[in-house]
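Model the structure of this input:
(one chain, ligands or ions: 1)
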Amino acid sequence: MRAVRQKVVAGHLAYLGLGSLIGWLYSEPLIGLLFAALSALVWHLRQLLRFESALQSKHFGSLKYGDGIWSQLYSRFIYQRGRNKYYRKQYRQLLKEVRKSTNAMPDGGIILNSNFEIVLCNQAAASLAGFRQREDRGQRVDNILRNPAFAEYIRLGDQSAGLEIPSPVRTGGWLLCRMVPYGVDEQLLLLQDITERRRLAAMRRDFVANASHELRSPLTVITGYLDVISSDPDVPAEWQKPLQQMQGQAIRMNKIVGELLELSRLESSGSAGSDEIVDVCSLLSTARIDYANQEGIAEIRLNCTSRVQLHGSSTEIASLIINLLSNAVRHTPPDGTITLSWATSADGAVLEVADNGSGIAAEHLPRLTERFFRVDSGRSRDDGGVGLGLAIVKHILERHQAELRIDSVPGDGSHFECRFPASRLAAAEPVAIASQS
Ligand code: ADP
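Numbering: from 1, shown residues only. Okay, the predicted model is just below:
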């Protein structure tokens, strides 16, 4: 490159020198220099105009035969142009392949810019939610996918969970929407058809509910006969123990059936209504009083630092408290302490059931809310546990848009925190302290 530059400068200087020399021979070196400079300028101007007209007409064939530095400039330009053409073709091919593969995807994919306007969408997005691949470009996504919950979902920007919405194009169909942020401000909206999954879940729910319901009547008959037989003084002594065991198992089955029915009911409707105002503190106090006359259990303390109330279902919150408290009672020794508390927090309110009982090993914590999961199934069965209590608690909390946090250390005890969002709180009343032990 440097050599070319030196050659060009040297060539021009030599040309100007020659002009001056010829001028000098005629005793006019300045005119000779001027003439040489002018002729060089005209020559460059000609090459420039030739280049400009080639650019205009897009016919670059004539440029192949340029002169001097211009020949090099032309050939470099033609080479770069050829390379760009090649890469453009490669990119177009690649884009075609990407389009083909995204169109083959069963899930809908929509690329959105920072204003939630559609940049690109695939064919599945068109068939699942009615997006038009060309016409809807530049439109806000919530203008096409018209659903208040979806508008709220993209407004809040909480992408940690997906959102299930009814299909806008198929009656009875359901879609799972999930936003995945990428790049600087762009988002990828994924749509998945979950109609079949929901149908199977509903079938399972109905099956469990129907089976539990059908088991209720025979169980009532069996329990009734067992009560009558065991209260008969003529029953032989050797039958007393088997009868007691049968009664114990019938009670346990009744409990399982009752809890399965409660779970089915909780699962079958989405969210707890908010018409009812729940006084959590007095529910905690009632639950504590229910255990007041039981001998040989841990001390139960009440610590309400707020009288704020909840929009929700008082039956469900009472069931939640009973489930957590009965677990704490079963897993805390009589000299231990259980604390029921209700307090406001920065982002809502917290109901907590804490004990200093046996605690739970860390590896079991993620599975505690699964149906029929028990840390020690043998022990749990003996003390009346069926492994459905925390599954019920989880569902009740979901129905109140609340979350469960469990903190436990084996040997030190457990903390079950139910965190309710501010949106579920009824008008906050001034703090009134209710603390009993
Ligand atoms: P269960 O009816 O068996 O109590 P749950 O779903 O209520 O079923 O609880 C699941 C498991 O979690 C229980 O088997 C028990 O081992 C453990 N667990 C629940 N609460 C506590 C607690 N407060 N302390 C220790 N373990 C607990």
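
what are the pairing partners of the strand or helix carrying F420, and which direction each?
F420 is located in strand 413-421, with elements delineated by DSSP states H and E. Applying DSSP bridges to the sheet, strand 413-421 is found paired with strand 348-355 (antiparallel), strand 403-409 (antiparallel).

can you confirm L188 is in a strand?
Yes - counting by DSSP: H, G, I helix; E, B strand; the rest coil, L188 is part of a strand.

beta partners of it?
Beta-bridge pairing of L188 under DSSP bridges involves I111, V180.

Could I get the pLDDT score of it?
On the pLDDT scale, L188 is placed at 90.

Tell me the secondary structure at I118.
Under the three-state scheme (three-state DSSP), the conformation of I118 reads as strand.

Can you verify my assumption that it contacts R134?
No - I118 is not in contact with R134 according to CB atoms under 8 Å; the separation is 10.4 Å. No exception for glycine: its C-beta is placed from N, CA and C like everyone else's.

Neighbour count: these two, which is higher?
Just comparing I118 and R134: by other CB atoms under 10 Å the higher neighbour count belongs to I118, 23 against 6.

Excluding chain neighbours, what is closest to whichever residue of the stretch 151-300 of the chain sits closest to the ligand?
Proximity to the ligand, evaluated over the stretch 151-300 of the chain using CB to the nearest ligand atom, is greatest for E259 at 8.0 Å. Residue nearest to E259 in three dimensions, not counting chain neighbours: L388, with 4.1 Å by CB to CB, 6 or more residues apart in numbering.

Is it correct that that neighbour is in contact with L263?
Yes - in this structure, L388 is within contact of L263 by CB under 8 Å, at 6.4 Å.

if I look at those two, which residues touch both of them?
In terms of CB atoms under 8 Å, 6 or more residues apart in numbering, L388 and L263 are both contacted by the residues R371.

Where does pLDDT dip in this protein?
Judged by pLDDT under 70, the chain has its weakly predicted residues at 1, 62, 64-66, 158-160, 274, 377-384, 427-437.

With L63 as the reference, measure out to the residue nearest the centre of the chain.
Relative to the mean C-alpha position of the chain, the nearest C-alpha, by CA atoms, centre = their mean, is the one of A161, at 2.3 Å. The span separating A161 from L63 equals 61 Å under the rule CB to CB, to the nearest Å.

which stretches of the stretch 1-150 of the chain form helices?
Counting by DSSP state H, counting those that start in this stretch, the stretch 1-150 of the chain has these helices, from start to end: 2-25, 29-57, 68-104, 123-129, 141-144, 148-156.

Sorry, wrong one. I was asking about the stretch 201-350 of the chain.
Along the stretch 201-350 of the chain, counting by DSSP H, counting those that start in this stretch, helices occupy 237-268, 280-290, 314-330.

Looking at those helices, which one is packed in the most?
Compared across these, helix 314-330 shows the largest average neighbour count, a mean of 21 (mean count of other CB atoms under 10 Å).

and that one, is it in reach of the ligand?
Yes - using CB under 6 Å from any ligand atom, a contact is recorded between helix 314-330 and the ligand, made by N323, N327, A328.

what packs against that helix?
Packed against helix 314-330, as judged by 3 or more CB pairs under 8 Å, 6 or more residues apart in numbering; DSSP states H and E, are the following elements: helix 280-290, strand 337-345, strand 348-355, helix 389-399, strand 413-421.

Give me the residues contacting stretch 244-253.
When contacts are defined by CB under 8 Å, 6+ apart, stretch 244-253 is touched by residues L215, L219, I222, T223, L226, D227, S230, R381, G384, V386.

Right, I'll leave it there.
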